[in-house]
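> What follows is a predicted structure for the sequence shown.
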Amino acid sequence: MNTNGTNGGTNGAGARGDVVIRVRGLTAGFEDTTVLENLDLDSYRGEVLGVVGASGTGKTVLLRTILGLIPKRAGTIEILGVDLETADADAREAIDQRLGVLFQQGALFSSLNVLQNVQVPMREHLKLSARMMDELARLKIEMVGLPPDAATKFPSELSGGMTKRAGLARALALDPDIVFLDEPTSGLDPIGAADFDELIGTLSESLGLTVFMVTHDLDSLHTACNRIAVLADKRVLIEGAFSDMLEFDHPWVRSYFRGTRARGITA
Ligand SMILES: Nc1ncnc2c1ncn2[C@@H]1O[C@H](COP(=O)(O)OP(=O)(O)OP(=O)(O)O)[C@@H](O)[C@H]1O
């Protein structure tokens, strides 16, 4: 367990695998608000990292800043060993292709069916025949547990769970090394959420995928995540296993991980 944002550099990385996301001294915010300040965080190859914290602590801002969608004010971010700020356009494009993202709202294009949605990143980055793209997209659709006939459905015809799975299929379109998920189980019923957690765990294990998951979902943290990073006071307050969270003495961490809802999970 590490606390106070001092993650110890590569300490333990050998056992866990390479560091694939390395954030050091990150400061980010909007106008006169500082949301993240001097934040350090590592994510290791093949792990499912859950990022949790009270509402408004900056979890989504962290995810979007790592992806370069929000400019940072200070610090360094390396993804797969490349600092995207200083990398040239070709290196940035190469890294871009190795990342998949599922935003909170799923963000499927409403005018495209599921198959076409999954093919959007393929069209953008790969030069493949239509037949090959169809085959690949159908494979991704199957991989996320959607039935084959979901391919021709439009987003308006999908349930919440199917929408998340379709978004995940699109995030997996280019066989990424890292997938970023922003509250993937929000809006799902408990069974749908549990199924999705299982899917994330299975995909991570079978594909060696690294998952960076922002979540409020205690079940996800408990069942799908290998490691948890708690955001508070503009930084990573503590990172470690679920069991480490139970021992950490901080008001929010205590009430979140040892509160009434948590008791059902840890009992
Ligand atoms: N585009 C923006 N412009 C100005 N302020 C923003 C913007 N995006 C986020 N913020 C602010 O940054 C802070 C962190 O927001 P963020 O969405 O990262 O929180 P969060 O931890 O993901 O919250 P939640 O759990 O409720 O989704 C909030 O105070 C929010 O109002």
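The structure has been received and is ready for your questions.

> Run a quick neighbour tally on residue 77.
22 (other C-beta atoms under 10 Å). Quick note: C-beta positions are derived from backbone N, CA and C, even for glycine.

> Pull out the buried positions in whatever helix or strand it lives in.
Taking DSSP states H and E as the criterion, residue 77 maps to strand 74-79. Judged by neighbour count using 16 or more other C-beta atoms under 10 Å, the buried positions of strand 74-79 are 75, 77, 78, 79.

> got a list of contacts for that strand?
20-27, 38-39, 65-66, 68, 83-85, 95, 99, 178 (C-beta atoms under 8 Å, 6 or more residues apart in numbering).

> Quick check: mean pLDDT of that strand?
Mean pLDDT, computed over strand 74-79, is 97.

> So what are the sheet partners of the very next helix or strand once past it and their directions?
Note on strand 74-79: by DSSP H and E, the next helix or strand toward the C-terminus is strand 82-83. As defined by DSSP bridges, the strand partners of strand 82-83 come to strand 74-79 (antiparallel).

> and residue 86, how many neighbours?
By other C-beta under 10 Å, the residues close to residue 86 number 10.

> no, scratch that, I was asking about residue 155
Residue 155, neighbours per other C-beta under 10 Å, totals 19.

> in stretch 85-99, what counts as buried?
Under 16+ other C-beta under 10 Å, the buried positions of stretch 85-99 are 92, 95, 96, 97, 99.

> Which of those fall in strands?
Using DSSP state E to define strands, the subset of the buried residues of stretch 85-99 located there is residue 99.

> The buried residues of stretch 85-99: which ones sit near the ligand?
Among the buried residues of stretch 85-99, not one lies near the ligand by C-beta under 6 Å from any ligand atom.

> Generate JSON lines for the buried residues of stretch 85-99, with pLDDT as supplementary columns.
As requested, the buried residues of stretch 85-99 are exported to JSON lines (pLDDT from 0 to 100):
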{"residue": "92", "pLDDT": "91"}
{"residue": "95", "pLDDT": "93"}
{"residue": "96", "pLDDT": "91"}
{"residue": "97", "pLDDT": "92"}
{"residue": "99", "pLDDT": "95"}
